[in-house]
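Enquirer: Starting from these lines, generate the structure:
(2 chains)
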Number of protein chains: 2
Amino acid sequence: MFKKRMNADTARELFLDSFEPLTGYENLPVEDCDERIIAEDIIAKTDVPHYRRAAMDGFAVRASGTLGAGSSSPVIFKLDETIKNGTCARVHTGSPVPDGADAVVMVEDTELHGSNVEVFAQVHPLKNVGEIGEDIRKGEVIINKGKRLRPCDIAVIASLGIRKLMVFRKPVVAIIPTGEELIPRGGTVPGTGEVYETNGLMTQLYVRKWGGVPKLFDIVTDNPEKIQSAIEKNIDADMILISGGTSVGKRDFVPGVVASLGELLVHGVGISPGKPTALGLIKGKPVVCMPGYPVAGVVALYWFGREALRKLGNMPPGLEAPVYAVLSEKITSRTGFKTFARVRIENGKAVPLATSGAGILSSVSKADGFVIIPENIEGYDMGETVEVKLID
Amino acid sequence: MFKKRMNADTARELFLDSFEPLTGYENLPVEDCDERIIAEDIIAKTDVPHYRRAAMDGFAVRASGTLGAGSSSPVIFKLDETIKNGTCARVHTGSPVPDGADAVVMVEDTELHGSNVEVFAQVHPLKNVGEIGEDIRKGEVIINKGKRLRPCDIAVIASLGIRKLMVFRKPVVAIIPTGEELIPRGGTVPGTGEVYETNGLMTQLYVRKWGGVPKLFDIVTDNPEKIQSAIEKNIDADMILISGGTSVGKRDFVPGVVASLGELLVHGVGISPGKPTALGLIKGKPVVCMPGYPVAGVVALYWFGREALRKLGNMPPGLEAPVYAVLSEKITSRTGFKTFARVRIENGKAVPLATSGAGILSSVSKADGFVIIPENIEGYDMGETVEVKLID
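Expert: Numbers count the residues shown, from 1 in each chain, chains lettered A, B, ... in the order given. Down below sits the predicted model:
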């Protein structure tokens, strides 16, 4: 029998509160840090730019000398490397502004005649001059610890001459597929009662996509000693995801093994599909026991596994906006359960997929996302606007 | 001088219409196909399941024999491997339903006494029986060509015994940083007038993130022969991105070289920052000449490079929703230009970053996204709701 069936939100909160984020980090070359979570504040050790630079192609001058210049009344400067009153020097975007100059007249406002430059516009001091530290000031914190790094962040860091970064290490996630009906992919053609193992494969790809390091273990049959041994072999991981054997049947040994090795926090959750999900802790490591039925497994992976991975990996929330769509027909739910209905998005409408059962993985593949129906309502009507959680 | 400055949308349309998507593909193991674009329809060669499977733990029976069974009026069945009237066989979720049985009574509705099973519920035919082909029917198209594959799609494909897939090959993108002020990252400390090369690094990371294969070439100085040689060495790529040397100054040779080797479609675009952007075709390969000023470069990369990569790579549009936020203060734009204002998102508000100039890369790093202001308006007022394009 299940322990008491637990509300989906309560179960998740209890589970996520039971372990701490990883504190370990790696020191990686900056070019390998895209999407990694930085584990240190980055403080600028130099100014950027570290010299006064021209912001335009043109001529560096003393601004005071351009007083009165206009489109029909040019002021004439002499080309000279030494800037004083009445001289100017050619500069390019990004090149240093010579000492003595305090402004750059852009090339479009000049005409060059031999070594004479006619200037047709008046400039004020600092015009088109990038001051030292204008981009980044020495001592400034330019990236805060905990940020998910993007290519533009990495370019800014690299512009300071920094070559390696401390980033939080990725959570290592052991994935153990169980079930005596499973046969390895690529092996013999499955006989009656046999199916290819694909939940482990799917979980592996999601863990990788979500920033973890998956370790897919061999298929384990429905035998408590073998399940125990598989868990013990993988206990050096940061999290363990076990697929199958979570229900209350004769062959469902996984929750019992978790309880014997550590603590079974939850067995039986108010999510549909996904009720047989179990959650535990073994030696402080979070363990998610996902139902073997693939759709239920995906739901458990999204609801529990992904959030646990985020917490372990110190990953900040994203800024993506929720996706809304209008239901093309009504969807019903299982009262008392948080129900994950699969929908396709078509011309801005959410089209429910008519499917039965948690075994129909093709319904997930056909779906663009889930509409999550809360426990206390019976469903949504045709025409209602609903939020769709896209399936990655 | 620029060719005529072109409107941002017109320039993009002209550019994207000038080349075709890649048709080449790769044949990869399914586990390597996450986020890849499938180049074939996947047709199921087998039914899934390929046998009648139990959807619950319980006992397989002839449904007709349960007629009249209820919580206080059990019907008794005898355990027997051969199913006939009055016998039943134990089944587990996913296991085969024996011949002769047409329903499964779930274990919760039974009591076992020796070899007798008391059944406390009436079931109709097919109850708790997953029919052959219930998930996937043989001959069904389960994935259409052109779809971006997700882990759940790959699991469905793998459940059919398929081990390798045809996916479109990733566009190879050559990245050529130019500029005599550039020095390699990790080399000597930059002197006056020198800066570390980081635009190429940033572009490399974005190309990889967006599904291309970046090939970062060495720094090329501002010399037309050397730029020409670098382009010729990289012409086997599917697209060429050149950073720097795109303006109309004395040292800006890139557009001229592109014109001499192929066709310069556009030079000067109504985007701000990013006006010096040039677009061309060399031997049918799209070429984006991005301004060397980093923010202008990022804008050109987003507006032109990313869309070109999507088209080359046959990548379908995503379903992500636009992000909206309320402006915390007004932002002004450059009339006649599509202006990319950088904003931070804070408590649901878009906070403009007060910065000048296209040289300030740190303003991109500090930003969460761009607010794109159309050409024909002067800006947005405080309190207006604006769309924010998140920076990846």
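Enquirer: if we look at the host helix or strand of A:V288, which residues are touching it?
Expert: Assigned by DSSP states H and E, A:V288 falls within strand A:285-290. Applying Cβ atoms under 8 Å, 6 or more residues apart in numbering or on different chains, the external contacts of strand A:285-290 come out as A:15, A:18-19, A:199, A:203, A:231, A:235, A:237-246, A:254-255, A:258, A:262, A:274, A:277-281, A:296-297, A:300-301, A:304-305, A:308, A:312. From N, CA and C alone the C-beta is placed, and that goes for glycine too.
Enquirer: could you point out which element follows it?
Expert: Using DSSP H and E, the helix or strand that follows strand A:285-290 in sequence is helix A:294-300.
Enquirer: That following helix close to chain B?
Expert: Yes. Interface with chain B: helix A:294-300 contributes A:P294, A:V298 (Cβ under 8 Å from any Cβ of the partner chain).
Enquirer: next helix or strand past that helix?
Expert: Following helix A:294-300 in sequence, per DSSP H and E, is helix A:306-312.
Enquirer: any idea how far that following helix is from the chain center?
Expert: 11 Å (Cα atoms, centre = their mean, to the nearest Å).
Enquirer: what does stretch A:342-351 give?
Expert: 25 Å.
Enquirer: Can you mark which positions in it are buried?
Expert: A:R342, A:V343, A:R344, A:I345, A:A350, A:V351 (16 or more other Cβ atoms under 10 Å in any protein chain shown).
Enquirer: which one of those is nearest chain B?
Expert: Chain B lies nearest to A:I345 out of the buried residues of stretch A:342-351, by Cβ to the nearest Cβ, at 5.6 Å.
Enquirer: Please settle this for me: is the closest one part of a strand?
Expert: Yes. The assignment for A:I345 by DSSP: H, G, I helix; E, B strand; the rest coil puts it in a strand.
Enquirer: I figured it was touching A:A367, is that so?
Expert: No. Using Cβ atoms under 8 Å, A:I345 makes no contact with A:A367, being 9.0 Å away.
Enquirer: got the contact list for the one residue in the stretch 1-150 of chain A that gets nearest to chain B?
Expert: Chain B sits closest to A:D57 of the stretch 1-150 of chain A, with a gap of 3.3 Å, by Cβ to the nearest Cβ. Taking Cβ under 8 Å, 6+ apart, we find A:D57 in contact with A:V91, A:H92, A:T93, A:M106, A:V107, B:S247, B:V248, B:G249, B:K250, B:R251, B:D252.
Enquirer: That one and B:G292: what is the separation?
Expert: 12 Å (Cβ to Cβ, to the nearest Å).
Enquirer: Likewise for A:E346?
Expert: 44 Å.
Enquirer: pLDDT at A:P352, what is it?
Expert: Looking at A:P352, its pLDDT stands at 94.
Enquirer: Same question for the one 5 residues further on.
Expert: Residue-level confidence at A:G357 comes out at 58, pLDDT.
Enquirer: now chain A, which segments are flagged as low pLDDT?
Expert: Applying pLDDT under 70 to chain A flags the ranges A:1-3, A:355-359.
Enquirer: Could you chop it up by domain?
Expert: Domains of chain A are assigned by automatic domain parsing as A:8-23+A:170-312, A:25-48+A:136-168, A:53-130, A:323-390.
Enquirer: circling back to that earlier point, next one: the residue of the stretch 1-150 of chain A closest to chain B from B:M166, what distance?
Expert: From A:D57 to B:M166 the distance is 50 Å (Cβ to Cβ).
Enquirer: now swap in A:R36 and tell me
Expert: 32 Å.
Enquirer: In terms of packing, which of those two has more residues around it?
Expert: A direct count of neighbours by other Cβ atoms under 10 Å in any protein chain shown for A:R36 and B:M166 places A:R36 higher, at 24 against 16.
Enquirer: which residue packs closest to that one, ignoring adjacent ones?
Expert: Nearest residue to A:R36, sequence neighbours excluded (Cβ to Cβ, 6 or more residues apart in numbering or on different chains): A:V167, at 3.9 Å.
Enquirer: For that neighbour, which residues are in contact?
Expert: By Cβ under 8 Å, 6+ apart, the neighbours of A:V167 are A:Y25, A:E26, A:L28, A:C33, A:R36, A:I37, A:I38, A:A39, A:L149.
Enquirer: what's around the third one, how many residues?
Expert: Burial measure for A:L28: 15 neighbouring residues, criterion other Cβ under 10 Å.
Enquirer: so it touches A:R36, yeah?
Expert: Yes. Using Cβ under 8 Å, A:L28 is in contact with A:R36, at 7.1 Å.
Enquirer: what touches both of those two?
Expert: A:L165, A:V167.
Enquirer: what's the neighbour count on A:I219?
Expert: Neighbours of A:I219 (other Cβ under 10 Å): 20.
Enquirer: And the residue nearest to A:R36, which helix or strand is it part of?
Expert: Residue-wise, A:V167 maps onto strand A:164-168 under DSSP H and E.
Enquirer: Pull out the C-alpha coordinates of that strand and format them as PDB.
Expert: In PDB, the C-alpha atoms belonging to strand A:164-168 read as follows (Å, rounded to 0.1, in the frame of the first residue of the first chain):
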ATOM      1  CA  LYS A 164      39.400  30.900 -16.300                       C
ATOM      2  CA  LEU A 165      36.300  31.000 -14.200                       C
ATOM      3  CA  MET A 166      35.000  29.300 -11.100                       C
ATOM      4  CA  VAL A 167      31.600  27.800 -11.900                       C
ATOM      5  CA  PHE A 168      29.500  25.500  -9.800                       C
END
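Enquirer: Name the SS class of A:V257, please.
Expert: helix.
Enquirer: residue contacts, it?
Expert: A:V257 neighbours (Cβ under 8 Å, 6+ apart): A:P224, A:I227, A:Q228, A:I231.
Enquirer: What separation do you get for it and A:L264?
Expert: For A:V257, the distance to A:L264 (Cβ to Cβ) stands at 9 Å.
Enquirer: And A:I242, by the same measure?
Expert: A:I242 is 12 Å from A:L264, by Cβ to Cβ.
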